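J.: mind folding the following:
(one chain, ligands or ions: 1)
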Amino acid sequence: MTSIPDITLNNGQTIPQFGFGVFQIEPKDTVAAVRTALEAGYRHIDTAEMYGNEAEVGEAIVRSGLDRGEVFVTSKLSNDAHEPDAARAAFDATLKALGFDYVNLFLIHWPLPTRYGGDFVSTWKTLEEFYREGRARSIGVSNFQPRHLRRLHDETEIIPAVNQIEISPYLTQDDVRAFCAEHQIAVEAWSPLGQGAVLGDPVVRFIAERTGKTPAQVVLRWHIQRGDIVFPKSVTPNRIRENIDIFDFELSAGDVEDITMLNKNERTGPDPDKFDGRKPS
Ligand code: NAD
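T.: Numbers count the residues shown, from 1 in each chain. Presented below is the predicted three-dimensional model:
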């Protein structure tokens, strides 16, 4: 049976290191996909206001019969709601859609340095309210570069519990990861499979053949051994079960190094320094 490690965040809360992402899952498919994941042993779901499926995530958790406290739920603030009053209304709407009175983790989805006069600091101070109220058990950011994190550090009270950034073997982000490690900010790796792009890589395939695992399992295991938090997405039941089946084997230090060396600083998503948030992601 799988045993998923917990990571302790800088405020003492714990988060399962492995979970299920629901970006680009249609609302009509979300209840089934999340229920399959929960049945397979996932206990951490990563959604966002902009994914349009928070209500279905909440419904799936309720219908699973699990207690609310058994599932770690993350959501994220819409890019259109960074101003404090808009952020408060958006957070209320997130809780209402989920049908819960708290989320385990709430994130600023993108820093949007070219919008709102570059003021993500007021947005963060609004998330600090949600944290103090207990309606967000932890708060964090997503797609923040070290310079954005430094500004929060200088101008606000609470250090983000996590920074959720794009990471895959083709985009290892070791500079941002090192900054986060130094400041006790846990790193979450989004698009951990490069949306599937890394699965045909010859190095990944070679290691998969040698270990008797699939390319997806090898890449997810690489993330876990580097210490990052991951939540791959799939709507295919067999793949949902395949992706969590990574806690019965280990990559050697050499395998981890070989995969890390595939880095080519290749993003599948937008550049956080330039993105103005007009498109969902
Ligand atoms: P991913 O790297 O998890 O790739 C998902 C795709 O990989 C699937 O659509 C499928 O085509 C393929 N795949 C999955 N399992 C497979 C398997 N076992 N074998 C073969 N192919 C497989 O990409 P993602 O969905 O973009 O990222 C995961 C999660 O990260 C999202 O669902 C979301 O929760 C989060 N995310 C966050 C941001 C952000 O800005 N914070 C952006 C993108 C994604």
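J.: give me the element residue 45 is part of.
T.: Element membership for residue 45, per DSSP states H and E: strand 44-46.
J.: which positions in this protein make contact with the ligand?
T.: Selection of the chain residues close to the ligand by CB under 6 Å from any ligand atom yields 21-23, 46, 109, 142-143, 164, 190-196, 199, 216, 231-234, 239, 242-243, 269, 281. C-beta here means a position set from N, CA and C on the backbone, and glycine is covered the same way.
J.: quick one: distance of the strand holding residue 45 to the chain centre.
T.: In terms of CA atoms, centre = their mean, to the nearest Å, the centre of strand 44-46 is set 8 Å apart from its chain centre.
J.: how about stretch 21-30?
T.: 15 Å.
J.: residue 209: neighbour count?
T.: Burial of residue 209, expressed as a neighbour count using other CB atoms under 10 Å, amounts to 12.
J.: got it, and residue 86?
T.: Per other CB under 10 Å, the neighbour tally for residue 86 reads 16.
J.: ditto for residue 67
T.: Other residues near residue 67 number 8, with proximity taken as other CB under 10 Å.
J.: ok, now the one 3 residues further on?
T.: Here the count is done by other CB under 10 Å, and residue 70 has 11 residues near it.
J.: do the same with residue 267
T.: Residue 267 has 14 neighbours, counted by other CB under 10 Å.
J.: give the contact list for the residue of the stretch 1-150 of the chain found nearest the ligand.
T.: For the stretch 1-150 of the chain and the ligand, the shortest gap (CB to the nearest ligand atom) falls at residue 21, measuring 2.4 Å. Contacts of residue 21 were listed using CB atoms under 8 Å, 6 or more residues apart in numbering, and they are 46, 190, 231, 232, 233.
J.: give me the beta-bridge partners of the first one?
T.: Which is residue 46. The bridge-partner assignment for residue 46, based on DSSP bridges, gives residue 21, residue 74.
J.: where does the stretch 1-150 of the chain have low pLDDT?
T.: Applying pLDDT under 70 to the stretch 1-150 of the chain picks out residues 1-2.
J.: show me where it has strands.
T.: When secondary structure is read from DSSP state E, counting those that start in this stretch, the stretch 1-150 of the chain shows strands at 6-8, 14-16, 20-21, 44-46, 72-77, 103-108, 136-142.
J.: now do the longest one against strand 103-108, angle only.
T.: Inter-element angle recorded for strand 136-142 and strand 103-108: 30 degrees (by axes from the mean of the first three to the mean of the last three CA atoms, to 10 degrees).
J.: give me the contact list for strand 136-142.
T.: Outside strand 136-142, the residues within contact range by CB under 8 Å, 6+ apart are 9, 11, 13, 15, 76, 91, 102-111, 124, 127-128, 130-131, 148-149, 152, 158, 160-165, 185-186, 188, 190.
J.: select from the residues you listed every entry located in helices.
T.: Among those, the members falling in helices are 91, 124, 127, 128, 130, 131, 148, 149, 152 (criterion: DSSP state H).
J.: can I get these in a markdown table with neighbour count?
T.: Listed next are the ones in helices among the contacts of strand 136-142 as a markdown table, based on neighbours: other CB atoms under 10 Å:
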| residue | neighbour count |
| --- | --- |
| 91 | 24 |
| 124 | 25 |
| 127 | 23 |
| 128 | 14 |
| 130 | 22 |
| 131 | 18 |
| 148 | 23 |
| 149 | 20 |
| 152 | 23 |
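J.: now the contacts of strand 136-142: which count as buried?
T.: 9, 15, 76, 91, 103-111, 124, 127, 130-131, 148-149, 152, 158, 160-165, 185-186, 188, 190 (16 or more other CB atoms under 10 Å).
J.: helix or strand for residue 213, which one?
T.: Applying DSSP H and E, one finds residue 213 in no helix or strand.
J.: one step back: determine which two of the ones in helices among the contacts of strand 136-142 are furthest apart.
T.: Across those, the two members that end up farthest from each other (CB to CB) are 91 and 149, 21.4 Å apart.
J.: picking up where we left off before, hmm, who's touching the strand holding residue 45?
T.: Against strand 44-46 from outside (CB under 8 Å, 6+ apart): 15-16, 18-23, 34, 37, 57, 61, 71-74, 164, 188, 231.
J.: sounds good, over and out.
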